[in-house]
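Chemist: got a structure for you, letters missing:
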């Protein structure tokens, strides 16, 4: 009787132990859930680094195109400079060159920037944008000892 009780107790204990051990080691996540989670993460990274900046740039271009008025000098995506003489619903009427008779309608999407042409032989130097730290840290300030050395 006592031996049958120990045998029954060991079976119950071993059965419970194998179930809990199996749940901890072999349970894991469903492979379908892992693949779906992986796809969501990849799409999120793709959206953050590719789609979002492109939409921001596109919005800035549309704002610039909507702010163009008569008399502005514009640069077209083809490389031509011109002056806007009229604005319609879907295009700009642009004068090209020094001859005031050449007026061509151009769709609004063809305007690249509001910019005056450089008619001199001097090369324009574009300002160098300030570099920002990768994780938003503070810029390193030069120490006073470096300034003292440079002054001497």
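Modeler: Ah, there it is. Note that this is a predicted model, so its numbers are computed, not measured.
Chemist: quick one: contacts of stretch 109-117?
Modeler: 64-65, 67-68, 72-78, 81, 92 (CB atoms under 8 Å, 6 or more residues apart in numbering). Every residue, glycine included, has its C-beta placed from N, CA and C.
Chemist: can you map out the helices along this structure?
Modeler: 2-25, 31-46, 52-66, 144-151 (DSSP state H).
Chemist: Scan the contacts of stretch 109-117 and report the most crowded one.
Modeler: residue 92 (24 neighbours; other CB atoms under 10 Å).
Chemist: And residue 91, how far from residue 107?
Modeler: Residue 91 is 5 Å from residue 107, where distance means CB to CB, to the nearest Å.
Chemist: Look at those two and report which has more neighbours.
Modeler: residue 91 (16 against 10).
Chemist: Excluding chain neighbours, what is closest to the more buried one?
Modeler: The shortest distance from residue 91 to any non-neighbouring residue, by CB to CB, 6 or more residues apart in numbering, is to residue 105 (4.6 Å).
Chemist: Contacts only, for the one you found.
Modeler: 88, 91-94.
Chemist: Save these as TSV, and put in distance to residue 135 and pLDDT too.
Modeler: Formatted as TSV, the contacts of residue 105 follow (distance: CB to CB, whole Å; pLDDT from 0 to 100):
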residue	distance to residue 135	pLDDT
88	48	90
91	45	91
92	43	93
93	49	92
94	45	92
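Chemist: In strands, which of those residues appear?
Modeler: Under the assignment DSSP state E, those contribute 91-94 to strands.
Chemist: okay, among those, which ones form the most distant pair?
Modeler: 91 and 94 (9.0 Å; CB to CB).
Chemist: Distance of residue 99 relative to residue 82?
Modeler: Distance from residue 99 to residue 82, by CB to CB: 12 Å.
Chemist: more neighbours, the two?
Modeler: Between residue 99 and residue 82, counted using other CB under 10 Å, residue 82 has the larger neighbour count: 22 against 8.
Chemist: Now the common contact residues for residue 91 and residue 94.
Modeler: 105-106.
Chemist: Point out where the protein drops to low pLDDT.
Modeler: Within the chain, the segments meeting pLDDT under 70 span 1-27, 136-152.
Chemist: list the contacts for the residue nearest to the spatial centre of it?
Modeler: Note on the chain: the residue nearest the mean C-alpha position is residue 53, at 2.7 Å, using CA atoms, centre = their mean. Contact partners of residue 53, counting by CB under 8 Å, 6+ apart, are absent.
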